[in-house]
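S.K.: Following is a predicted model, sequence given first.
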Amino acid sequence: MRMKKMIWSTAVAAFGLAMAVTGCGAGGRQPVTQEETRTQKVQEVQSTGQETSGTETAQGKQEETGTQNADALREQVLAEMTDEQKNWMGGLSKEQRLADFESLCDGLRENYPYVKLAKRQAGADLDALETAYRTKVEQCANDNAFYETLHEFVGEFSFTGHLDLWGRRYESELASWRTYVKESGETEKEPYIEALDNPVSRNTYAAMTAFYQEETRLTEEKRAEENGGWRGESVEAEADEEAAETFEETMPANVETKILEPGKTAYVSIGAFDYEQMETDRKVLLPFYEEVSGFENLIIDITNNPGGSMRYFDELVAAPLIKESVTVPTYQLLKGGENNKTFLRLEEGIASGLYRPVSALPALPNLNREDAADCDWFLREDYTVEPTGDGFDGKIWLLVSENNYSSSEYAAMFSKAGGFATLVGRTTSGDGIGTNPVFLILPNSGLVVQYSPMYGVSADGTGSEEYGTVPDIVSPEGESALETCLEWINFGRKEGAVSSFFSDMQSSAVVYYYSTDSSAVTL
């Protein structure tokens, strides 16, 4: 979730817009919890091709086979269910399903600022997809088929601009919003809660949970039958408890700190900008900053950070380490649809001068004019962070990768544009400029579709979602961001304040010239 930044312009603050994106992944911009992040990491590790022993490889093949068998069993269970059992939304009529689908398409066309980018980047042509999927919706025999069809339709957009159809996370998302508004005192965000906490959505998502719980129960029954009978309940409970304990013991903490070279180089890894983890992590990070305040280098590793809360980065990373105020100007473009009017308080913002017509945008050399022409209004937002401590006297390095999206992309963007740190690694995935995703609530089903309402661009007009942030120093293929960073640190010591570094990239020879002003030139 894009939580409120520490310091922001008075005009923007008046409308509660300075919130950062989350994360990521399928979690949208709601706060990424530590458990969700840990689970995601386990899944990522299991799906990567990292070095494994022969035993581990064999085990992986067995797990893959087991997953395939489980999927096949689920398909059997679904096939054996009646349409009545699959009508967990109460049995929507064909007309109701079509009305919901049309509402979604119209809502995207009128409010979603990434329609053209999604077509260009993901091949998702809204008009063509509407035609194709309307036929699929007409053919849906039950509510579950309708949900799966909508899920497939939204998936065509490849999460461009955080576009996502919510599944069973509805209750946790709503709870997170309630907690955040209560703790932050940001009553201007109450419309988000009001939109989500409606009777139709509550009933639908409660029914969804019950349906999938029943599907799981039936799948396990079928699995037991194929395995020759049930295991004893006590054995099952013991196995579940063991698995939970193992999970807790093996999952790393969200923050890891190391001294790589005493008195010289310190290292911090942050797994996610988890809003709910802030107070725990504050007790680790701030004392560590004090401990290494006299070091030459501080490396901050967010290469596996999917996002979370901008507030986390501002308060626990930037503010304690800077010595003076840092401001990064950005622009945010938006459409004037009814949904955006509600969530972004558009009419009030226009009256106050916060929002201005897109035609009044200054000359931004890298702005995609076609995308801009598809929007109606814009605001300028200056992201500002003030120092809260003595700062860090040495050099700060930020390790980044394609895993960074949403609020971790914001961290990369802010760090590079504001000169907070030298970025090392791979180009990030984007959408780090803007506000919280807002919601299209489908009228008959109550299903929730989230999207980023703001098309965020940097001071020169570069689109955050499309281009992300290119690091100052790009890691060669096969080399981690940390390895590249340490090479630069060591090379700089050998060669002095001004040095050059040559690396052969996989596709072509690239030369970077590195100097004390942290500039990088690609030839």
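M.R.: Happy to help now that I have it. Predicted, not measured: the structure shown is a model, and the values here were computed from it.

S.K.: which residues sit against stretch 219-230?
M.R.: 70, 73-74, 76-77, 231 (Cβ atoms under 8 Å, 6 or more residues apart in numbering). Just so you know, the C-beta spots here come from the backbone N, C-alpha and C atoms, and that holds for glycine as well.

S.K.: Using neighbour counts, pick out the buried residues of it.
M.R.: Neighbour-count burial for stretch 219-230 flags 219-220, 222-223 (criterion: 16 or more other Cβ atoms under 10 Å).

S.K.: And for stretch 77-87?
M.R.: Within stretch 77-87, judged by 16+ other Cβ under 10 Å, the buried ones are 77-78, 81, 86-87.

S.K.: Tell me how far residue 493 lies from residue 296.
M.R.: 9 Å (Cβ to Cβ, to the nearest Å).

S.K.: Neighbour count for these two, which is higher?
M.R.: Taking neighbours as other Cβ atoms under 10 Å, residue 493 and residue 296 compare with residue 296 leading, 16 against 11.

S.K.: So for the more buried one, what's the pLDDT?
M.R.: Predicted confidence (pLDDT) for residue 296: 97.

S.K.: Quick one: end-to-end distance for stretch 416-429.
M.R.: 15 Å (Cα to Cα, to the nearest Å).

S.K.: Closest to residue 201 out of the contacts of stretch 219-230?
M.R.: Nearest to residue 201 among the contacts of stretch 219-230, counting by Cβ to Cβ, is residue 74 at 25.2 Å.

S.K.: coming back round to it: and the furthest pair within the contacts of stretch 219-230?
M.R.: 76 and 231, at 20.2 Å, using Cβ to Cβ across the contacts of stretch 219-230.

S.K.: For the closest residue to residue 444 other than its chain neighbours, give its distance to residue 105.
M.R.: With sequence-adjacent residues excluded and distances taken as Cβ to Cβ, 6 or more residues apart in numbering, residue 444 is closest to residue 96, at 4.1 Å. The spacing between residue 96 and residue 105, counted by Cβ to Cβ, is 15 Å.

S.K.: And residue 117, by the same measure?
M.R.: Taken as Cβ to Cβ, the span from residue 117 to residue 105 is 17 Å.

S.K.: and residue 468, what does it touch?
M.R.: Residue 468 touches 402, 404, 409, 412, 427-430, 432, counting by Cβ under 8 Å, 6+ apart.

S.K.: Kindly recompute the last result at 10 Å.
M.R.: 400, 402, 404-405, 409, 412-413, 426-432, 462 (Cβ atoms under 10 Å, 6 or more residues apart in numbering).

S.K.: Nearest to residue 148, out of these: which one, please.
M.R.: Distances from residue 148 to the contacts of residue 468, taken by Cβ to Cβ, are shortest for residue 405, at 25.3 Å.

S.K.: Return the subset of the contacts of stretch 219-230 lying in helices.
M.R.: Judged by DSSP state H, the subset of those located in helices is 70, 73-74, 76-77.

S.K.: Only the buried subset of these, as a ChimeraX command please.
M.R.: To isolate the buried subset of the ones in helices among the contacts of stretch 219-230 in ChimeraX, counting by 16+ other Cβ under 10 Å, use the following:
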select :73,74,77
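
S.K.: So which bits of stretch 196-214 are buried?
M.R.: 196, 200-201, 204-205, 207-208, 211.

S.K.: For that stretch, which outside residues touch it?
M.R.: 74, 77, 81, 85-90, 92, 143-144, 147, 166-171, 173-174, 177-178, 195, 439, 441-448.

S.K.: Give the PyMOL command for selecting the buried subset of these.
M.R.: Selecting only the buried entries of the contacts of stretch 196-214 in PyMOL, with 16+ other Cβ under 10 Å as the criterion:
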select buried, resi 74+77+81+86+87+88+89+92+143+144+147+166+169+170+173+174+177+195+439+441+442+444+445+446+447+448
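
S.K.: Identify those among the contacts of stretch 196-214 that sit within helices.
M.R.: Checked against DSSP H, the contacts of stretch 196-214 include these in helices: 74, 77, 85-86, 143-144, 147, 170-171, 173-174, 177-178, 195.

S.K.: burial count for residue 283?
M.R.: Around residue 283 there are 10 residues (other Cβ under 10 Å).

S.K.: returning to that earlier point: out of the buried residues of stretch 196-214, list just those in strands.
M.R.: Among these, no residue falls in strands (DSSP state E).

S.K.: What is the nearest of those residues to residue 343?
M.R.: Using Cβ to Cβ, these come closest to residue 343 at residue 196, 11.3 Å.

S.K.: Could you check how far that closest one is from residue 438?
M.R.: 11 Å.

S.K.: And residue 383, by the same measure?
M.R.: Distance from residue 383 to residue 438, by Cβ to Cβ: 20 Å.

S.K.: now swap in residue 304 and tell me
M.R.: 28 Å.

S.K.: neighbour count winner among the two?
M.R.: residue 438 (23 against 19).

S.K.: Let's verify the residue lying closest to the more buried one once chain neighbours are set aside: helix, strand, or coil?
M.R.: Residue nearest to residue 438 in three dimensions, not counting chain neighbours: residue 343, with 4.0 Å by Cβ to Cβ, 6+ apart. What DSSP: H, G, I helix; E, B strand; the rest coil gives for residue 343 is helix.

S.K.: what helix or strand does residue 294 sit in?
M.R.: Using DSSP states H and E, residue 294 sits within no helix or strand.

S.K.: just to revisit the earlier point, I'd like to know which of the ones in helices among the contacts of stretch 196-214 is nearest to residue 289.
M.R.: Distances from residue 289 to the ones in helices among the contacts of stretch 196-214, taken by Cβ to Cβ, are shortest for residue 177, at 31.2 Å.

S.K.: My read is that that closest one contacts residue 448, right?
M.R.: No. Counting by Cβ atoms under 10 Å, residue 177 sits too far from residue 448 to count as a contact (11.7 Å).

S.K.: Can you check which residues contact both of the two?
M.R.: 195-196.

S.K.: related to what we said a few turns ago, select from the contacts of residue 468 every entry located in strands.
M.R.: residue 400.

S.K.: confidence score at residue 34?
M.R.: pLDDT, read off for residue 34, is 36.

S.K.: just to revisit the earlier point, name the nearest of the buried residues of stretch 219-230 relative to residue 135.
M.R.: Nearest member of the buried residues of stretch 219-230 to residue 135, counting by Cβ to Cβ, is residue 219, at 30.4 Å.

S.K.: so where's the stretch 151-300 of the chain shaky on pLDDT?
M.R.: 229-251 (pLDDT under 70).

S.K.: quick one: the helices in the stretch 101-250 of the chain?
M.R.: 115-122, 126-138, 143-155, 170-184, 190-196, 199-226, 233-250 (DSSP state H, counting those that start in this stretch).

S.K.: Identify each buried residue in the third one, please.
M.R.: Under the neighbour-count criterion of 16+ other Cβ under 10 Å, helix 143-155 has 143-147, 149-150, 153-154 buried.
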